[in-house]
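Q: coordinates for the following, if possible.
(one chain, ligands or ions: 1)
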Amino acid sequence: MSASRRPRIGVLALQGDVAEHLRHLETVGAEAVTVRRRSELDSVDGLVLPGGESTAMSRLLDVYDMYAPVSTRIADGMPVYGSCAGMILLASLVLDTRPDATWFSAIDMTVRRNAFGRQVDSFEADLVIDALGPDPLRTVFIRAPWVESVGPDVDVLAGVRASDGREHVVAVRQGNALATSFHPEVTDDVRVHRYFLDMVRAATS
Ligand SMILES: NC(=O)CC[C@H](N)C(=O)O
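A: Predicted coordinates for the structure are as follows:
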């Protein structure tokens, strides 16, 4: 990437809350574009997998023949960030999903889908995430997954106490892949998107 242009970050736009991610990415200084097909994927420096429905997204990735191209770009080092359903797609093992669902295995972690409960169990929390600075981040969980276990190369960035009284991992990074159970795109705080933009800049400089 030349120093003169802004990093171009795509948002996978097959399903889910695409517009909110585009807005936050523009706010932090990226050129944000939707990605539905191969040519669009080829033009981006990084990719966001948005929240939505992971099983629907997995099916659409197949229908649009995008599963292998996205997988290859991730394996080649393209930075990728998945929120909620996007986190599920980055896992190496998904519990409580449909038998025909597929995922990218970009992060060595087991993720449990809908782990915090149903839609009515959606909640918000203020989390201090060291990687984002000292101020707490308002986080929104909507039928969110949690991370049940991680491999040795995964950095755990944040956890939250759930109604079962236990702390569960909800933000992780492994190399070029970042994932959160929550939706930073639905609040006004853009620090997660800025953090991801920094990952993209580091990978392309
Ligand atoms: N808000 C979300 O992205 C929810 C994720 C959804 N429960 C799924 O399994 O895919």
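Q: what parts of the chain come near the ligand?
A: 51-54, 84-85, 88, 113-114, 142-143 (C-beta under 6 Å from any ligand atom). For every residue, glycine as well, the C-beta is placed using N, CA and C.
Q: out of these, which end up buried?
A: 51-52, 54, 84-85, 88, 113-114, 142-143 (16 or more other C-beta atoms under 10 Å).
Q: can I get those in TSV with distance to residue 133?
A: As requested, these are exported to TSV (distance: C-beta to C-beta, whole Å):
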residue	distance to residue 133
51	23
52	28
54	30
84	23
85	27
88	27
113	30
114	31
142	25
143	28
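Q: with distance to residue 168, secondary structure and pLDDT added, can I get those in a markdown table?
A: Formatted as a markdown table, these follow (distance: C-beta to C-beta, whole Å; DSSP: H, G, I helix; E, B strand; the rest coil; pLDDT from 0 to 100):
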| residue | distance to residue 168 | secondary structure | pLDDT |
| --- | --- | --- | --- |
| 51 | 17 | coil | 96 |
| 52 | 21 | coil | 96 |
| 54 | 18 | helix | 97 |
| 84 | 14 | coil | 97 |
| 85 | 17 | helix | 97 |
| 88 | 14 | helix | 98 |
| 113 | 13 | coil | 96 |
| 114 | 13 | coil | 94 |
| 142 | 15 | coil | 94 |
| 143 | 14 | coil | 93 |
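Q: give me the phi and psi for the residue positioned nearest the centre of the chain.
A: Compute the mean C-alpha point of the chain, and by C-alpha atoms, centre = their mean the closest residue is residue 82, 1.1 Å away. Per-residue torsions, residue 82: phi -120, psi 130 (degrees, to the nearest 10).
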